[in-house]
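In: model the structure of this input:
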Amino acid sequence: MSVSQDIIRQIKKCVTFVYVKGAHGNWVANGTGFFIGVKNENDPKISNVYLVTAKHVIHSGGSLILPLAIRLNKFEGNAQVTEISLKEGDVIMHPDPDVDLAVIGCLPDQKIFDFLMLPQELICEKKVIENEKICEGDEVFFAGLFTSHVGQKQNQPIIRFGKIALMSDEKIEWRDTKDKPAKLLDLYLLECQSFGGNSGSPVFFHLVPLRTGNLVLGGGPKIFLGGVMRGSFLNLNEIQVVKTQKSAISVENLGVAAVTPAYFLQEILFSEDLIKARKAGTPKPQSSN
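Out: Alright, predicted model coming up:
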């Protein structure tokens with residue numbers, strides 16, 4: 001069962017592209033981010049807005065990549081690359097350094113920029129996985145940056161579809177790059193190829209009717225934020241170079257994507273520090289116009 005066009009349209013409006021400065025001082029697209037709203041503890045009618053992305057999109061060598069910007073569609077005219085005023089402490093990360101998530105309090109001007117935020121209710125907590133019996137074979141999709149076509153006038157996130165390949169109670173061996181040691185991490189694996197620029201994309205579980213095999217099960221499809229795209233599994237094959245007697249490495253995408261589970265995002269957004277900040281009304285960085 002396909003995802004409705006209205007849902008796709010709304011999700012694409014929640015997605016933004018994350019930019020860093022290139023070698024020549026120009027803005028370069030480095031990954032994907034998305035906005036999520038969390039109800040304020042003092043007034044549930046008000047939502048605090050956060051920008052979510054993969055930590056490695058904005059963090060390198062143990063420090064924040066600055067300056068940082070996001071590209072947003074405007075109600076009038078083309079998309080605009082907008083710098084976010086940040087310092088190191090403004091980026092909230094999980095206490096486990098291996099969790100590849102970064103959260104930034106960020107509310108762009110709603111009169112200028114055409115964007116939406118995901119509601120907190122979409123976050124797939126552990127109890128949702130158990131209650132909905134989410135498992136291998138269930139449908140997934142994500143929305144992210146396609147570096148070959150960012151969009152000439154406005155952001156053009158692409159939507160890719162697939163299925164859950166593995167949900168395991170065991171940690172999975174993951175290597176960020178071939179020069180770094182492998183680590184055992186909590187990840188979901190998808191039968192869905194990802195590539196550069198997809199890091200930080202929101203990944204959704206799309207649960208269709210009759211998926212449990214119960215023929216009396218009714219109702220429409222359900223959608224949950226399953227996690228945040230981390231990257232693709234790569235097969236590093238050695239190539240023998242006859243003339244120089246040296247080995248080169250061929251990198252092959254295995255068509256399996258790794259996702260940071262959304263329950264880690266839940267733990268960040270509802271951490272003691274962030275709850276206190278929301279209650280205190282602590283100012284958060286906002287994008288400039």
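
In: which stretches of the stretch 151-289 of the chain form helices?
Out: Applying DSSP state H, counting those that start in this stretch to the stretch 151-289 of the chain gives helices spanning 262-269, 272-280.

In: let's have these in CSV, adding mean pLDDT.
Out: Conversion of the helices of the stretch 151-289 of the chain to CSV gives the following (pLDDT from 0 to 100):
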stretch, mean pLDDT
helix 262-269, 98
helix 272-280, 92
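
In: which one, of those, ends up nearest to residue 110?
Out: helix 272-280 (18.6 Å; CB to CB). Using the backbone N, CA and C atoms, a C-beta is placed for each residue, glycine as well.

In: now that closest one - C-alpha only, CSV.
Out: Presented in CSV, the C-alpha positions along helix 272-280 are these (Å, rounded to 0.1, in the frame of the first residue of the first chain):
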residue,chain,number,x,y,z
GLU,A,272,16.0,16.3,32.5
ASP,A,273,18.0,19.2,31.1
LEU,A,274,15.7,19.8,28.2
ILE,A,275,12.6,19.6,30.3
LYS,A,276,14.0,22.1,32.7
ALA,A,277,15.0,24.4,29.8
ARG,A,278,11.5,24.3,28.3
LYS,A,279,9.9,25.0,31.7
ALA,A,280,12.3,27.9,32.3
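
In: about what we covered before: now the helices of the stretch 151-289 of the chain in JSON lines, with distance to residue 194 and mean neighbour count?
Out: Formatted as JSON lines, those follow (distance: least, CB to CB, whole Å; neighbours: other CB atoms under 10 Å):
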{"stretch": "helix 262-269", "distance to residue 194": "16", "mean neighbour count": "20"}
{"stretch": "helix 272-280", "distance to residue 194": "28", "mean neighbour count": "13"}
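
In: distance of the residue lying closest to residue 22 once chain neighbours are set aside relative to residue 125?
Out: Leaving out its chain neighbours, the residue that sits closest to residue 22 by CB to CB, 6 or more residues apart in numbering is residue 28, at 4.0 Å. Applying CB to CB, to the nearest Å, the value for residue 28 to residue 125 is 35 Å.

In: specify the local secondary structure of residue 135.
Out: coil (DSSP: H, G, I helix; E, B strand; the rest coil).

In: and the helices of the stretch 151-289 of the chain: which comes nearest residue 10?
Out: Among these, helix 262-269 sits nearest to residue 10 (CB to CB), with 17.8 Å.

In: quick one: that closest one to helix 272-280, angle?
Out: Relative orientation of helix 262-269 and helix 272-280, computed by axes from the mean of the first three to the mean of the last three CA atoms, to 10 degrees: 50 degrees.

In: need the residues that contact helix 262-269.
Out: Here helix 262-269 makes contact (CB atoms under 8 Å, 6 or more residues apart in numbering) with 36, 38, 50, 52, 92-94, 96, 99, 101, 103, 120, 123-126, 186, 224-228, 274.

In: try it again with 10 Å
Out: Helix 262-269 is contacted from outside by 36, 38, 48, 50, 52, 92-96, 99-103, 120, 122-129, 186, 188, 202-205, 224-228, 274-275, 278, using CB atoms under 10 Å, 6 or more residues apart in numbering.

In: quick one, strands of the stretch 51-200 of the chain?
Out: Secondary structure of the stretch 51-200 of the chain (DSSP state E, counting those that start in this stretch): strands located at 59-60, 63-64, 68-72, 80-84, 91-93, 102-105, 118-119, 139-144, 158-167, 172-174, 183-185, 188-191.

In: same list, these, but as JSON lines with mean pLDDT please.
Out: Converted to JSON lines, these look like this (pLDDT from 0 to 100):
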{"stretch": "strand 59-60", "mean pLDDT": "90"}
{"stretch": "strand 63-64", "mean pLDDT": "90"}
{"stretch": "strand 68-72", "mean pLDDT": "97"}
{"stretch": "strand 80-84", "mean pLDDT": "95"}
{"stretch": "strand 91-93", "mean pLDDT": "95"}
{"stretch": "strand 102-105", "mean pLDDT": "96"}
{"stretch": "strand 118-119", "mean pLDDT": "96"}
{"stretch": "strand 139-144", "mean pLDDT": "96"}
{"stretch": "strand 158-167", "mean pLDDT": "95"}
{"stretch": "strand 172-174", "mean pLDDT": "91"}
{"stretch": "strand 183-185", "mean pLDDT": "93"}
{"stretch": "strand 188-191", "mean pLDDT": "94"}
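
In: need the contact list for the residue nearest to residue 145 when sequence neighbours are not counted.
Out: Spatial nearest neighbour of residue 145, excluding adjacent residues (CB to CB, 6+ apart): residue 197 at 3.8 Å. Applying CB under 10 Å, 6+ apart to residue 197 gives the contacts 17-18, 29-32, 57, 144-148, 150, 157-158, 229.
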